[in-house]
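*Asks:* turn this into a structure:
(one chain, ligands or ions: 1)
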Amino acid sequence: MSVDAWKNEGILIVFEGIDGTGKSSHAKRLASYFSSLGREVVLSHEPTNGPWGRKLRESAATVRLDAEQELEYFLRDRQEHVEQLIRPSLAEGKVVILDRYYFSTMAYQGLRGFDPADIRARNEAFAPVPDLLIVLDLDVDIALQRIAGRGDQANLFEKRDALERIRETFLGLRDEPFVRIIDASQTMDDIAAQIVDCFDSSK
Ligand code: TYD
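*Replies:* This is a model prediction of the structure:
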């Protein structure tokens, strides 16, 4: 698939993947690439730094919200994000690059008992489908080594099983026309080259 980077129209690009795959680094790099083409870029992430996103981060650091409430907060956070930033920026012809979006809700809240297909439908009722979803895919053991290398502590046994299931949910999107799965075990430069390749309109 390819997305035409040259038309001065809004483009929505999303990065997803388990922790440790390099989403935020590649989102930044892609933002610089589009800026160098003279495009106006908005780089953002979910959960956001808005009120719902802050509540979600607080709960992750203290006592986790119950599953219903957590899903509700992620949806509210995204509704604000879509209304206040994503839709207006796309309407102004900007390139919007997101580090996580509703596919994370499918994967992570899917683990808490919700049906990923229902979560997707609830999101797509208000949130625009991306022009391109880049899934950075990595073996869970390598991702865990990278997370440990950052100094983050986790209950590795529990976390491993969860990450496997989250990875599978992302990989399950592979047949969607707007999805590109990229092997995140490659070098940063190789990954970045493959990402930029998605915007070659000759392909
Ligand atoms: P992330 O931005 O990756 O964390 P950090 O900024 O600490 O690196 O995302 C925070 C966590 O939120 C991550 O573990 C995934 C989770 N998450 C969900 O459970 N559902 C969602 O809809 C989103 C967007 C994130």
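*Asks:* quick one: residues contacting Ala67.
*Replies:* Applying C-beta atoms under 8 Å, 6 or more residues apart in numbering to Ala67 gives the contacts Gln109, Arg112, Gly113, Phe114. Bear in mind the C-beta positions are built from the backbone N, C-alpha and C, glycine included.
*Asks:* from the residues you listed, which would you call buried?
*Replies:* Gln109, Phe114 (16 or more other C-beta atoms under 10 Å).
*Asks:* closest one of the contacts of Ala67 to the ligand?
*Replies:* Distances from the ligand to these, taken as C-beta to the nearest ligand atom, are shortest for Gln109 (5.8 Å).
*Asks:* what separation do you get for the closest one and His81?
*Replies:* Counting by C-beta to C-beta, to the nearest Å, the gap from Gln109 to His81 is 16 Å.
*Asks:* for Phe15, what are phi and psi?
*Replies:* phi -110, psi 130 (degrees, to the nearest 10).
*Asks:* residue ranges of the helices in the chain, please?
*Replies:* Here the chain has its helices, by DSSP state H, at 23-36, 51-61, 67-81, 87-91, 102-104, 116-124, 140-149, 156-171, 188-197.
*Asks:* what's the closest of the ones you listed to Val14?
*Replies:* Of all those, it is helix 102-104 that lies closest to Val14, at 7.1 Å by C-beta to C-beta.
*Asks:* for that closest one, the distance to its chain's centre please.
*Replies:* 6 Å (C-alpha atoms, centre = their mean, to the nearest Å).
*Asks:* any idea of the mean pLDDT in that helix?
*Replies:* Confidence for helix 102-104, expressed as mean pLDDT, is 98.
*Asks:* show me the contacts for Arg120.
*Replies:* For Arg120, the contact set (C-beta under 8 Å, 6+ apart) comprises Tyr102, Phe103, Met106.
*Asks:* tell me who's in contact with the closest residue to Gln84 other than its chain neighbours.
*Replies:* Excluding the flanking residues, the one nearest Gln84 by C-beta to C-beta, 6 or more residues apart in numbering is Gly50, at 8.0 Å. Gly50 is in contact with Asp77, Glu80, His81, Gln84, counting by C-beta under 8 Å, 6+ apart.
*Asks:* buried only: go through those residues for me.
*Replies:* Buried among the contacts of Gly50 (16+ other C-beta under 10 Å): Asp77, Glu80, His81.
*Asks:* can I get the residues you listed in JSON lines including pLDDT and distance to the ligand?
*Replies:* Output for the buried ones among the contacts of Gly50, formatted as JSON lines (pLDDT from 0 to 100; distance: C-beta to the nearest ligand atom, whole Å):
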{"residue": "Asp77", "pLDDT": "98", "distance to the ligand": "8"}
{"residue": "Glu80", "pLDDT": "98", "distance to the ligand": "13"}
{"residue": "His81", "pLDDT": "98", "distance to the ligand": "10"}
